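Peer 1: mind looking at a prediction? Sequence and model below.
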Amino acid sequence: TVISHYHSWYSVGRWENGMASIHEEFGLQGPTNYADAFKRTAQPGQWDIPLGELSAFDQLHQYLSGCDYLRAKLLHPFGAAQVGDLDYLQMRTDNFALNLIDRYMHIHKGTTYQEGRLLPLYLELERGLINDHLPLDVVVPILFLAFDFDSFALDDDASIERLSTDVHMARAGIGGAWDNTPVRAAVSHALRITGYTVPNPTDLLSQAAAYPIERIDQFFAAIRIVKGAETGYSQLLAMPDQWADRYQAWLPPIRGTSTRAYPPSFEMHRWLQPVETIGVGEAERVATVFSSLQVTKENKIRIALKRLNRCYVRADEEDTIIDAAIGLEALLADDSKEGIVHRLAMRIAALARVSPALRLAPPDVFRTVKQIYDYRSRLVHGDSSASKRREITLPGGARERTVDLAVRYLRFVLEVLLDRPEYRKPDKIDEDLLAGFEAGSDASPVKNDGSSDPAASGNAAQPAVAPRRSRRDIVVSSGGRARAAGS
């Protein structure tokens with residue numbers, strides 16, 4: 001018999017920057033679809049295997065017809081109206097069995113039947129059909145960012161993992177057509193969160209709301225705080241743990257959906273440009289910040305975090321600088337509305353003395369914060385002179401885009417407040433500012449040229465490392481979404 005091939009299939013390559021490139025194959029490039037060898041009614045003169053003449057298929061169909069529970073499970077995708085329709089039941093029964101046969105042929109590379117090899121494949125499909133709750137790992141491909149390791153544990157149940165070629169192929173068709181942009185393909189690694197559970201049926205996995213979005217965004221915020229890299233995500237994937245609802249040749253039975261959590265500039269041939277790389281040292285810092293963000297309950301941190309993430313996906317400069325300003329105000333403003341820009345400038349400058357990460361002297365920080373707010377004010381009020389303030393001159397003559405400096409300050413303040421929780425109260429910054437930071441701070445002062453001077457004050461400040469989050473601290477709500485225990 002002539003057996004057809006999979007019509008929807010993909011090949012995986014690499015761009016020069018190391019990111020994956022996925023292309024749809026046409027013609028007979030896909031693997032053999034062994035299920036196609038079977039037909040319910042064989043055509044005269046052809047060599048198709050007629051299912052109607054195989055007694056085992058009829059026995060299976062009769063058994064399922066008499067079991068209300070299994071019949072309802074099989075017919076769920078077609079809706080309640082078809083639960084009693086035996087034609088639909090026969091189609092579902094055939095597809096279930098043929099999908100299993102095709103999987104067996106691809107995994108074990110032959111036609112010799114061995115029950116011990118078939119059983120594990122069958123049990124995965126059975127669990128996917130009848131279990132009330134299904135365990136899985138959440139996998140979020142990380143766009144346009146390279147890593148110089150294969151795997152890195154962020155936490156007890158979260159890690160950064162290199163994606164295999166099979167996973168790239170399996171995710172290729174998730175979320176719609178790939179005809180207009182290779183953005184979704186352009187990843188090498190993914191965030192992986194284990195120990196997640198969803199109710200069965202798994203229809204909700206095609207919706208972004210089914211995934212732990214807050215925790216995912218905390219991870220990307222941690223990368224942005226530490227690295228300042230332009231990244232994001234465009235897919236939310238579910239990797240079943242010992243179950244499946246359908247197979248595709250030998251590929252992992254991934255489910256998922258598409259989303260848009262990346263800047264529009266990624267679609268302007270970003271895949272042809274170099275990407276930044278995160279090493280083990282930076283990954284350790286990302287893990288620390290990620291852990292701190294998960295245990296932090298203050299609303300001001302959550303607001304600033306959301307605004308930071310928005311800064312990195314905005315297309316408009318005006319929106320970006322507004323987001324950065326709102327984030328800074330959420331972190332450092334108080335109830336008084338008078339002189340807010342002056343107080344913000346003083347407090348950010350004071351934090352620059354606590355941590356030398358900015359590489360700017362406090363007076364320069366004070367001056368440039370005021371310039372940022374002047375630019376923001378002119379932008380939102382439509383002042384034609386705003387364009388003259390799109391860049392700020394830094395010590396030494398270097399120039400930086402005003403909006404980029406605003407985002408850099410937001411990253412900096414977030415990182416300091418995560419490391420030094422006592423400064424989450426603006427009054428504490430003011431007190432230490434008036435005291436000249438003579439007590440309670442072991443940070444290196446910053447010299448006028450922006451460099452730190454360890455000899456002036458001893459050791460540099462050590463970050464307060466939040467405890468790594470344990471899997472037992474994650475519970476799953478009735479809707480299938482992960483949340484922190486006690487939140």
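Peer 2: Received the coordinates, thanks.
Peer 1: quick check: closest non-adjacent residue to residue 123.
Peer 2: Closest residue to residue 123 apart from its sequence neighbours, by Cβ to Cβ, 6 or more residues apart in numbering: residue 242 at 7.9 Å. (Each C-beta comes from the backbone N, C-alpha and C, glycine too.)
Peer 1: SS state for the one you found?
Peer 2: Secondary structure, DSSP: H, G, I helix; E, B strand; the rest coil: residue 242 is coil.
Peer 1: point out where the stretch 151-300 of the chain drops to low pLDDT.
Peer 2: 176-181 (pLDDT under 70).
Peer 1: quick one: the strands in it?
Peer 2: 151-153, 158-162, 187-199, 233-240, 255-261, 276-278 (DSSP state E, counting those that start in this stretch).
Peer 1: most packed of those strands?
Peer 2: Most buried of the strands of the stretch 151-300 of the chain, by mean neighbour count (mean count of other Cβ atoms under 10 Å): strand 233-240, with a mean of 23.
Peer 1: adding distance to residue 411, write the strands of the stretch 151-300 of the chain out as CSV.
Peer 2: As requested, the strands of the stretch 151-300 of the chain are exported to CSV (distance: least, Cβ to Cβ, whole Å):
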stretch, distance to residue 411
strand 151-153, 21
strand 158-162, 20
strand 187-199, 19
strand 233-240, 19
strand 255-261, 18
strand 276-278, 15
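Peer 1: those: which one's closest to residue 319?
Peer 2: Nearest to residue 319, of all these, is strand 255-261, at 15.4 Å by Cβ to Cβ.
Peer 1: neighbouring strands of that closest one in the sheet, and parallel or not?
Peer 2: Neighbouring strands of strand 255-261 in its sheet, by DSSP bridges, are strand 233-240 (antiparallel).
Peer 1: only C-alpha atoms, please: export the partner strand in PDB.
Peer 2: The C-alpha atoms that make up strand 233-240 are tabulated as PDB, following Å, rounded to 0.1, in the frame of the first residue of the first chain:
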ATOM      1  CA  TYR A 233       8.200  35.600  24.900                       C
ATOM      2  CA  SER A 234       5.600  34.700  22.200                       C
ATOM      3  CA  GLN A 235       4.600  31.200  23.300                       C
ATOM      4  CA  LEU A 236       3.300  29.500  26.400                       C
ATOM      5  CA  LEU A 237       3.800  25.700  26.200                       C
ATOM      6  CA  ALA A 238       2.600  22.800  28.300                       C
ATOM      7  CA  MET A 239       4.800  19.700  28.400                       C
ATOM      8  CA  PRO A 240       2.700  16.700  29.600                       C
END
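Peer 1: now the residue nearest the centre of the chain: how far from residue 93?
Peer 2: Centroid-nearest residue in the chain: residue 140, 3.8 Å away (criterion: Cα atoms, centre = their mean). Remark: distance between residue 140 and residue 93 (Cβ to Cβ, to the nearest Å) = 35 Å.
Peer 1: all helices of the chain, in order?
Peer 2: Under the criterion DSSP state H, helices of the chain are mapped to 55-65, 68-75, 86-108, 115-130, 165-171, 213-227, 280-295, 299-311, 317-332, 340-354, 362-380, 402-419, 426-434, 454-457.
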